[in-house]
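Novice: generate a structure from the sequence data that follows.
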Amino acid sequence: MSSAMSPEQVAAYVDAAAQVLDLPLRPAHRPGVLRYFALAAEMADLINQFDLTVQDEPAPAFVPVSPASAADEAAR
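Specialist: Alright, predicted model coming up:
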């Protein structure tokens, strides 16, 4: 079941969030912000459609290594 936000819900959320965060949103930028937020909401909806079980675990954290460290480790 999809729970995607309607354009009106997206606009209301973006306006409320901008107000709470005291984030000025220029009229020229608003259409792009609304499009991006709607896209992000659609992506989140896809992820939320998967039921997780007790056995599901988060992915391990990625910790980047500097190229010099990796070269040093490879030389050992």
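Novice: by contact count, what packs against the worst-scoring helix or strand of the chain on mean pLDDT?
Specialist: Within the chain, no helix or strand scores below helix 67-75, which has a mean of 71 by mean pLDDT, DSSP states H and E. Other helices and strands packing on helix 67-75, by 3 or more CB pairs under 8 Å, 6 or more residues apart in numbering; DSSP states H and E, are absent; none qualifies. Using the backbone N, CA and C atoms, a C-beta is placed for each residue, glycine as well.
Novice: other residues contacting that helix?
Specialist: If you take CB atoms under 8 Å, 6 or more residues apart in numbering as the criterion, helix 67-75 is touched by Val65.
Novice: next one: that helix to chain centre, how far?
Specialist: Distance of helix 67-75 from the chain centroid (CA atoms, centre = their mean, to the nearest Å) equals 33 Å.
Novice: can I get the CA coordinates of it in PDB?
Specialist: Extracted C-alpha coordinates of helix 67-75, given in PDB (Å, rounded to 0.1, in the frame of the first residue of the first chain):
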ATOM      1  CA  PRO A  67      44.500   6.400   0.300                       C
ATOM      2  CA  ALA A  68      47.900   6.600   2.100                       C
ATOM      3  CA  SER A  69      46.600   4.300   4.900                       C
ATOM      4  CA  ALA A  70      45.200   1.800   2.400                       C
ATOM      5  CA  ALA A  71      48.600   1.800   0.600                       C
ATOM      6  CA  ASP A  72      50.500   1.300   3.900                       C
ATOM      7  CA  GLU A  73      48.100  -1.600   4.900                       C
ATOM      8  CA  ALA A  74      48.600  -3.200   1.400                       C
ATOM      9  CA  ALA A  75      52.400  -3.000   1.700                       C
END
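Novice: give the contact list for Ala28.
Specialist: Counting by CB under 8 Å, 6+ apart, Ala28 has no contacts.
Novice: which SS state does it fall under?
Specialist: coil (DSSP: H, G, I helix; E, B strand; the rest coil).
Novice: now do the phi/psi pair for it.
Specialist: The phi/psi pair for Ala28 (degrees, to the nearest 10) reads phi -70, psi -30.
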